[in-house]
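Enquirer: This is a predicted model, with the sequence first.
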Amino acid sequence: MYDLIIIGGGPAGITAATMGINQRLETLIIAERWGGQTTYAMQLEEMEGRENITGETLLDAFRRQLDYLDFVRRFDTVAKVMPDEQHFCVDTARGDRFEGRALIMATGAKPERLNVPGETRLAGYGLSYSAATHTGLFLGRDVAVVGNGRRAQWAAAGLARKAHHVYLLAPEPLTDTPLARSLHRMQNVEIAEGVAIKEVCGERFVESIKIAT
Ligand SMILES: Cc1cc2nc3c(=O)[nH]c(=O)nc-3n(C[C@H](O)[C@H](O)[C@H](O)COP(=O)(O)OP(=O)(O)OC[C@H]3O[C@@H](n4cnc5c(N)ncnc54)[C@H](O)[C@@H]3O)c2cc1C
């Protein structure tokens with residue numbers, strides 16, 4: 001029986017495990033792999049020379065603390081969690097069962113995917129899931145944002161200040177917000193409503209997007 005079981009190998013899970021070990025708790029961390037979302041990196045054509053610190057580099061210091069403690073970590077996927085009055089049972093995809101007095105679910109988030117050809121291959125090569133992080137990289141470039149809600153609108157507005165031209169490709173009509181109205185007035189923003197994304201194209205980097213209206 002563990003004092004603490006943590007699910008997830010991203011920054012939150014690794015930090016929780018480190019704290020648990022420091023508190024002398026019998027700790028187990030179960031993760032599909034180390035890093036979580038911090039392993040996403042982004043490259044653009046002609047971006048060589050730009051200095052980058054990857055999330056992985058940042059995580060290395062944390063990770064090393066756990067790497068030498070073989071007995072606190074399992075690389076596996078948690079398939080089922082069953083709470084009990086006294087403890088938790090955690091079943092993994094490989095068929096192991098672990099029991100713990102406390103459980104931290106640090107399973108993070110996954111980006112909403114388009115599920116179209118080219119997406120997986122070009123993710124990180126011009127295709128980003130985080131406008132907040134990558135807006136600066138699109139300085140002077142043409143960029144498309146997919147979505148119709150507030151987050152897509154904020155992304156398009158932020159990019160419009162840096163990028164050369166912004167295409168806002170909205171699967172449905174834009175949610176009516178003051179921001180949507182000002183986007184319609186922006187010179188370098190072009191809005192296409194009711195479009196379906198068919199393919200993300202490009203050899204090494206994103207070059208174009210196929211859509212259907
Ligand atoms: C492209 C991009 C750029 C970003 N840039 C920045 C930035 O510049 N600055 C910043 O502060 N933040 C940035 N973020 C956000 C940051 O990466 C996240 O906030 C952070 O990784 C969240 O950490 P987490 O540990 O909560 O979750 P995650 O990093 O999502 O980790 C969750 C982990 O849980 C694992 N997991 C999930 N389900 C299971 C299961 N059933 N069994 C076992 N394991 C499971 C996953 O495999 C993953 O390893 C960025 C995110 C993205 C996607």
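Expert: Right, received. Where do you want to start?
Enquirer: Now tell me which helix or strand of the chain has the poorest mean pLDDT.
Expert: Here the helix or strand of the chain ranked lowest by mean pLDDT, DSSP states H and E is helix 55-67, holding a mean of 73.
Enquirer: Point out the residues in this structure that sit beside the ligand.
Expert: The chain comes close to the ligand at residues 7-13, 30-33, 36-38, 40, 77-78, 106-109, 128-130, 133, as judged by C-beta under 6 Å from any ligand atom. Backbone N, C-alpha and C define where each C-beta goes, glycine included.
Enquirer: Where does Ala156 sit: helix, strand or coil?
Expert: What DSSP: H, G, I helix; E, B strand; the rest coil gives for Ala156 is helix.
Enquirer: ok, now how distant is it from the ligand?
Expert: 17 Å (C-beta to the nearest ligand atom, to the nearest Å).
Enquirer: check contacts around that residue.
Expert: Going by C-beta atoms under 8 Å, 6 or more residues apart in numbering, Ala156 touches 145, 166, 168, 183, 189.
Enquirer: just checking, which of these belong to helices?
Expert: Using DSSP state H, the members of the contacts of Ala156 that fall in helices are Leu183.
Enquirer: what's the closest of the contacts of Ala156 to Ala212?
Expert: Comparing these against Ala212 with C-beta to C-beta places Leu168 closest, at 16.5 Å.
Enquirer: about what we covered before: counting neighbours, which of the residues of the chain next to the ligand end up buried?
Expert: Burial by neighbour count, judged by 16 or more other C-beta atoms under 10 Å, picks out 7-13, 30-31, 36, 38, 40, 78, 106-107, 128-129 from those.
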